[in-house]
Every structure is written in structure tokens, then in C-alpha cells.
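> need a structure here:
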Amino acid sequence: MLEIFYTKRPVSSDAFIARILSSYYNIPNPQICKAIHGKPYLLNSKICFNLTHSKGLTAIAVGKTEVGFDCENLSGKARPAVLAKFSERERGEIHSVHDFYRHWTARESYIKYLGDQLAALWRKVEFYRGEIYLRGEKANVRLLQFETENCVFSICGDYTKFALKCVD
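This next block holds a predicted model:
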């Protein structure tokens, strides 16, 4: 099971990661490293995590296998410059701000799951009919999406269930 912790209080990313790992996973002073493209990970640990934030909300997903996690606040508006970078099939499914951010977070969570950079893979990833595609081939990854706190969240990884906890 994936555990998701979030707060709406102002907090630095590193401080929030350290707080969650220390308080809930008994990892005092976690040694957080970064992969080549910036994805954070714990040195010598079987715990995997991924962090996201949007308009004052900070959240971390923690599990036992690789995870990609993203959220966006639904009070924003669709960005025409970004919308133009979605595939034609995706644009055909985007009819609202809600649709825009479902597609955005699905793509970004998958790219974060792979540990790559948005710029490197954005045009090679597609979210269509609820599935992720990489270079035209259906990706072998599970995608979960949900909404809370006026945000849409996307989770990529080998997870079927998650628990959500507000930590203010």
C-alpha cells in the first residue's frame, strides 16, 4: 500500500520529507540523495518516495516500490502553450481545466516514476483513454488518480491502494 501525506502549511520540500520519514518510518535524519535527473531517494533504504506540490499544498507518496507522484490545483487554468504540446488524441479528450490537469498530472507522474526530466520525455509520453503511452506503446505501469483539497493527484507505480493523511 502507498501512503500519502500532505500539508497546506508552508514547508520546505526537504523539511517535509525529513519530517514524514522520521515521524512515520522511524528514519531519523534521513540521508536524501538525488538521482542523475534530480529524483530524490534514500541511501541504503527499501523505502521509495516522491514529492509534489501545488499552490500551497505539499504532498509525499511513500511505498516499497518505485513511485511517480504529481498534483495540480484545480483553481488554475489550462495553459495554451502546454495544451499545444499534448498529442492530437489528448487534445480531443481535454474539454475543461479538470481534464487538462488530469492529463498533465498523469504524464508528469509517469515521467517522475521513470526518474527522467519533463523536457526529455514530454513529447514522447501520452495519456489517452486512461492509459499511459511511451513512444506510442502502452506503458506497463499502473496509474491511479484521485481528487481532494481542490487538487487532482496522479500516482504511477505498482500500487492498487493508497492511504491519505493530512499532517498539519
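
> Make sure residue 108 is actually in contact with residue 70.
Yes - in this structure, residue 108 is within contact of residue 70 by CB atoms under 8 Å, at 4.1 Å. For every residue, glycine as well, the C-beta is placed using N, CA and C.

> Show me whatever sits in contact with both of these two.
residue 154 (CB atoms under 8 Å, 6 or more residues apart in numbering).

> Compare the two (neighbour count), which wins?
residue 70 (28 against 23; other CB atoms under 10 Å).

> Tell me the gap between the host helix or strand of the more buried one and the middle of its chain.
Assigned by DSSP states H and E, residue 70 falls within strand 67-73. Relative to its chain's centre, strand 67-73 lies at 2 Å (CA atoms, centre = their mean, to the nearest Å).

> tell me which residues of that strand are tucked away?
67, 68, 69, 70, 71, 72, 73 (16 or more other CB atoms under 10 Å).

> what's the most distant pair in these?
67 and 73 (20.7 Å; CB to CB).

> For the strand holding residue 70, give me every contacting residue.
Residues contacting strand 67-73 (CB under 8 Å, 6+ apart): 2, 4, 48-55, 57, 59-61, 101, 104-105, 108-114, 150-157, 159.

> Show me what secondary structure element comes after the worst-scoring helix or strand of the chain on mean pLDDT.
When each helix and strand of the chain is scored by mean pLDDT, DSSP states H and E, helix 118-121 comes last, with a mean of 78. Where DSSP H and E defines the elements, the next helix or strand beyond helix 118-121 is strand 125-128.

> Can you give me the buried ones in the longest helix along the chain?
Secondary structure assigned by DSSP state H gives helix 97-114 as the longest helix of the chain. For helix 97-114, the neighbour count (16+ other CB under 10 Å) marks 97, 100-114 as buried.
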